[in-house]
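1. Build me a structure from this.
(2 chains)
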Amino acid sequence: MAAGTGSGRTISSTFAPVRNYLLAPSWLVIGIFLLVPVLLMLVYSFLTKEFRGGVIWEFSLAAYDQFLFDRGLFGDDPPKIEWAYITIFARSIVQATGATILCLLIGFPTAYYIATRPTKTRAVWLFLVTIPYWVNLLIRTVSMKFLIRDNGPLNDALMGIGLFDSPLQLINTNTAVQLGLFYSYLPFMVLPIYAALERYNFAFSEAASDLYAPKWTILRWILIPVVKPGIIAGCILVFVPSLGAFLAPDLLGGAKTFMIGSLIEEQFKGNAGNWPFGAAASMILLSMVLVVLMFYARAQARDQV
Amino acid sequence: MTAPAVALKNVRKDFGTFTALRDVSFDIADNEFFTLLGPSGCGKTTLLRMIAGFEETTAGAIFLYGDEIENLPPDKRPVNTVFQNYALFPHMNVADNIGFGLRMLRWSDADIAARVKQMVAMVKLDSFAHRMPSQLSGGQQQRVALARAMAPKPKVLLLDEPLSALDLKLRQEMRAELKELQRDTGITFIFVTHDQEEALSMSDRIAVMSAGEVQQIGTPSEIYEFPANRFVADFIGETNLLAATVQSVDEHRIDCVLAGGETITALANQPAAPGQTGYISIRPEQLTLTGSKPSGDSLPGTLDGAVYLGTDTQYTVTLAGDLRLTVRMQNSQTGAVPLQHGGPVHVSIADHAARFLVD
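-> Numbering: from 1, shown residues only, chains lettered A, B, ... in the order given. A predicted model of the protein is given here:
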């Protein structure tokens, strides 16, 4: 530190002449692994499909047309709105929203509990929250499948205590997908909220209580507004991957629980694939995510004023 | 009102196996500026937090104007707190912070607006009502915290080291302002600090605390001039503490022998008997140094050092028996006295300045 401040120059002014060179590796990685693939998808979505996967380099709006409109079997009927894919999208949004709310309802109290433990035991609790994530998502989703199937431990237990006479139908339902998404992404809710709560000054709560505020009022008007950035970050981190998830709907759901992630996955895997259509669906998904993020950025900017 | 503002009866607080407060009992009068003074860890903040309701009592009772309150939650106690680091709500502007308590008390919007206006004027922040706390300086935040705590017209205002985060100059200004505010509003202030100068300059009475116990309660001058024990003498201001043995007793006046064999006459803090050991406490400013032996009683010694402090000079003197004394004299009075390092000097003690503190 002494060397840096001694000459009266800041780090950024010291490195100004070579900054672009120093940033080059990061730009390279972001470019190759982020920008190029997204642009490639954008281009593919406007190309013509090859029968067994792949694309023909010929401009076409067929993919978007197929997504939005139904032109009948031979393509010469007047165009009607195609509801099948829009329904899948709507279902994805509902499922992702549901998973986000569920994660928030369970994640916030969990994070609050951890943040109010003594410093030493917090690390243990955080470790416990993250332990399942050392196991592959596929394995975890399959284990969830075993847990909730008709003659699985959950149903055995429910029937064992006499709550139900016949097994509760969970597998292949929207509820199962919901549970799977919740289980997959809960830590993404807990960790940012925990980080915000850890920085929260509990003297604010004491001050509010000293100024005659009852417990729930403190939660509503002091604690939640102060840790709101953490809550929003957690919601985004759960909502975005839930929206595009395909493992949980594939493994835990059935035909009626088909989600956008699975639709895209199908277009790229196997021989029946339709790459431009998959790319178009991805672009639509991406633009929806961007809309959500824009609302977040707007809210952030408003809070800064 | 005859009941004291706050009455503590045998209050005790344990944190696990650690006892933060043991058997504390005293009364704080209505309209009093009362200070809890002590080093960190003495239990003063714990005691304040128990009055506010943030800590439960392990044993004992707390009364507020005669009503027992130790089982009430903080939001049901008509006392308000100024927190050490202010704890201003970061997402609310100055006016909303100050009005928060009133909103919770369900005042009408018009009444809240009028009271908030009055409070920002009181703390001279009229033009800052719509600023966020992060846009204020430390001193301004401190004023907002004060206004917020005083807005609901509490019966007792609790202040937890409110000046400790301010720089020296601002701190000295705020001392005068706080004292004035207390006098004008007539609210009972309970002020926690570890800064004895702060305590002496503002308080009507001070409770000096150490190790979870009240060592002495009294006015600033009582505590400074008649410390109840060695801890108080040492903690409040500077003092010379010399081990001594009682030789003879004449009511409160005691003749004691120091380690070097000299005899000093002192006032005792409690009845003492010949042969008893304890400490003589003498404030540095009660001692005078001369090069030649003065006419009255004096102690011979050697001058070890002098530190110039502007208005005063502080001398270090070694007496027989290797006893060290600190002497503080005003420079306007010492100018003519030639004092040599390592040279012989004579120390004389002002009348009635020595205190004998039973161990």
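2. Please count neighbours and contacts with C-alpha atoms only from this point.
-> OK.
3. Kindly tell me how buried whichever residue of the stretch 151-300 of chain B sits closest to chain A is, as a neighbour count.
-> Among the residues of the stretch 151-300 of chain B, B:Pro152 lies closest to chain A, at 8.0 Å counting by CA to the nearest CA. By other CA atoms under 10 Å in any protein chain shown, the residues close to B:Pro152 number 25.
4. got the contact list for B:Ala61?
-> Residues in contact with B:Ala61 (CA atoms under 8 Å, 6 or more residues apart in numbering or on different chains) are B:8-11, B:68-70.
5. report the longest helix in chain B, please.
-> For chain B, the helix that runs over the most residues, judged by DSSP state H, is helix B:168-185.
6. The helix or strand just after it pairs with which strands?
-> Counting by DSSP states H and E, the element after helix B:168-185 in chain order, helix or strand, is strand B:188-193. Within its sheet, and counting by DSSP bridges, strand B:188-193 is paired with strand B:33-37 (parallel), strand B:156-160 (parallel).
7. residues in contact with stretch B:30-49?
-> For stretch B:30-49, the external contacting residues (CA under 8 Å, 6+ apart) are B:4-5, B:20-21, B:28, B:55, B:158, B:160, B:179, B:182-183, B:186-196, B:199, B:202-213, B:235.
8. That one: how far from the chain's middle?
-> 9 Å (CA atoms, centre = their mean, to the nearest Å).
9. how close does A:Lys144 sit to chain B?
-> Slight slip there: residue A:144 is Met, not Lys. A:Met144 sits at a distance of 41 Å from chain B (criterion: CA to the nearest CA, to the nearest Å).
10. Just give the closest residue to that residue, not the sequence neighbours.
-> What sits nearest to A:Met144 in space, not counting adjacent residues and going by CA to CA, 6 or more residues apart in numbering or on different chains, is A:Gly180, at 6.9 Å.
11. Enumerate every residue touching the one you found.
-> Contacts of A:Gly180 (CA under 8 Å, 6+ apart): A:141, A:144, A:248, A:252.
12. Repeat that for B:Phe235.
-> Per CA under 8 Å, 6+ apart, neighbours of B:Phe235: B:38, B:196.
13. can you check the one 5 residues further on too?
-> When the contact criterion is CA under 8 Å, 6+ apart, the partners of B:Asn240 are B:280-284, B:325-326.
14. Next, it: phi, psi?
-> When read as degrees, to the nearest 10, the backbone of B:Asn240 gives phi -100, psi 130.
15. where does B:Ala61 fall, phi/psi-wise?
-> For B:Ala61, the backbone dihedrals are phi -140, psi 150 (criterion: degrees, to the nearest 10).
16. so which helix or strand takes in A:Ala208?
-> Using DSSP H and E, A:Ala208 falls in helix A:203-210.
17. got a list of contacts for the next helix or strand after that helix?
-> Using DSSP H and E, the helix or strand that follows helix A:203-210 in sequence is helix A:215-218. Contact with helix A:215-218 is made by A:205, A:208-209, as judged by CA under 8 Å, 6+ apart.
18. buried sites along helix A:215-218?
-> Within helix A:215-218, the residues scored as buried using 16 or more other CA atoms under 10 Å in any protein chain shown are A:Ile218.
19. next structured bit after it?
-> Of the helices and strands lying after helix A:215-218 in sequence (DSSP H and E), the nearest is helix A:224-226.
20. Next, see if that following helix gets close to chain B.
-> Yes. Under the criterion of CA under 8 Å from any CA of the partner chain, helix A:224-226 makes contact with chain B via A:225-226.
21. Since that was my last question, I'll sign off now.
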